[in-house]
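[1] Predicted structure and sequence below. I'll ask about it afterward.
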Amino acid sequence: MRRLLLVPVCLLAACAGTAPARRPATGPVPPAPVAPASEPVSEASRMETMESRAASLEAAARALSATVEAARALSGATSLRASLAAGAGAPSRVASLIVARAVRLVGVKQLGRVDRGVPDDCSGLVRLAYLEGGIDLVNHGFLNGENAVTAIYRRAETRGALHHHRPRPGDLVFFRETYDRNRDGKRNDGLTHIAVVESVERDGTVTFIHRGSKGIARSRLNLFFPRTHRIGQDGPVLNDFLRAASQGQRAWLTGELLVGFASPGPL
């Protein structure tokens, strides 16, 4: 039993490189060599080393943060892709009527030429489209100081129509701060724009119809890449610009200003 216990101890010592030294048979023991004194480290060198370490830690933190954000984005995109792949099914009769009305209005420069009963703005377009399906989006009234987009959003929220998943044709789509409504030069204007979803592609691109600065037109937003205008120089457009650059601020894309959707059924 003792021999078995001694074997692993010897092996560990040999592997660690710590075999005992042998003393000479005769004569005095030579003194141990003295290591030369190290040169003093200057304050500037010490500070440079500390700054280098801090920069390395900061770079590592940024890389870790980017990895986490990428994982979150990929997780969300994967879930949304699965939802799109499942198929939206045929739109309801009401939704079909809403989309058909919005499509017929594409190209109209002024809504007053079509119907003077609605304002010539984005809310007027969605109201006309939804009236085709028998839904009056503002018959619940307005609160003091409330704009039409906010009033419609409040109605959708109250009736449980709001959602943030895959939209369907005929859904309302809400945007925030698409222009400087209070004219203070800041992005603090809340809900300012509304449109009707026309179609949704499997790549996450949503085509919607809205009243823009040049009349009724189509625009796009992408659910997977909300901050990308287009793929490459000649690739397809994923998100159109919805807020122009002004007062030192950059232009903003549809995907960046998206708030959410509302289904026509509960409305």
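    On my side now, so go ahead.

[2] the bottom helix or strand of the protein by mean pLDDT?
    helix 2-16 (a mean of 37; mean pLDDT, DSSP states H and E).

[3] Break down the protein into its strands, ranges please.
    Assigned by DSSP state E, the chain shows strands spanning 162-163, 172-176, 191-200, 205-212, 215-222, 241-243, 252-253, 258-262.

[4] Quick check: which of those strands is nearest to Leu105?
    strand 215-222 (4.7 Å; Cβ to Cβ). Any C-beta I mention is one placed from the backbone N, CA and C, and that applies to glycine too.

[5] In JSON lines: the strands of the chain, plus mean pLDDT.
    As requested, the strands of the chain are exported to JSON lines (pLDDT from 0 to 100):
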{"stretch": "strand 162-163", "mean pLDDT": "98"}
{"stretch": "strand 172-176", "mean pLDDT": "98"}
{"stretch": "strand 191-200", "mean pLDDT": "97"}
{"stretch": "strand 205-212", "mean pLDDT": "97"}
{"stretch": "strand 215-222", "mean pLDDT": "98"}
{"stretch": "strand 241-243", "mean pLDDT": "94"}
{"stretch": "strand 252-253", "mean pLDDT": "96"}
{"stretch": "strand 258-262", "mean pLDDT": "98"}
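
[6] Tell me which of the ones you listed lies nearest to Asp120.
    strand 205-212 (7.5 Å).

[7] Kindly reformat the strands of the chain as TSV containing distance to Pro119 and mean neighbour count.
    Shown next, in TSV, are those (distance: least, Cβ to Cβ, whole Å; neighbours: other Cβ atoms under 10 Å):
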stretch	distance to Pro119	mean neighbour count
strand 162-163	23	16
strand 172-176	16	23
strand 191-200	12	23
strand 205-212	9	22
strand 215-222	13	20
strand 241-243	19	21
strand 252-253	24	22
strand 258-262	19	21
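
[8] Nearest approach to Val149 belongs to which of the ones you listed?
    strand 191-200 (4.6 Å).

[9] related to what we said a few turns ago, distance to Lys109 added to the strands of the chain, as JSON lines?
    JSON lines is the format used below for those (distance: least, Cβ to Cβ, whole Å):
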{"stretch": "strand 162-163", "distance to Lys109": "31"}
{"stretch": "strand 172-176", "distance to Lys109": "21"}
{"stretch": "strand 191-200", "distance to Lys109": "17"}
{"stretch": "strand 205-212", "distance to Lys109": "10"}
{"stretch": "strand 215-222", "distance to Lys109": "4"}
{"stretch": "strand 241-243", "distance to Lys109": "19"}
{"stretch": "strand 252-253", "distance to Lys109": "24"}
{"stretch": "strand 258-262", "distance to Lys109": "26"}
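
[10] which one of these lies closest to Ala156?
    Per Cβ to Cβ, nearest to Ala156 of those: strand 258-262, 3.8 Å.

[11] Can you name every helix or strand that the closest one contacts?
    Contact here means 3 or more Cβ pairs under 8 Å, 6 or more residues apart in numbering; DSSP states H and E; on that basis strand 258-262 packs against helix 148-158, strand 162-163, strand 172-176.

[12] Distance to Arg230 added to these, as CSV?
    Below are those laid out as CSV (distance: least, Cβ to Cβ, whole Å):
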stretch, distance to Arg230
helix 148-158, 27
strand 162-163, 27
strand 172-176, 19
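
[13] how many neighbours does Leu131 have?
    17 (other Cβ atoms under 10 Å).

[14] hmm, who's touching stretch 92-101?
    91, 128-135, 168-171, 196-198, 264-265 (Cβ atoms under 8 Å, 6 or more residues apart in numbering).

[15] need the contact list for Val118.
    Leu111, Gly124, Leu125, Arg127, Leu128.

[16] Next one: the residue nearest to Arg187 when sequence neighbours are not counted relative to Leu242, how far apart?
    Spatially, and ignoring its direct neighbours in sequence, Arg187 is nearest to Glu177 (4.6 Å; Cβ to Cβ, 6 or more residues apart in numbering). From Glu177 across to Leu242, the span is 10 Å (Cβ to Cβ, to the nearest Å).

[17] Sweet, I'm off.
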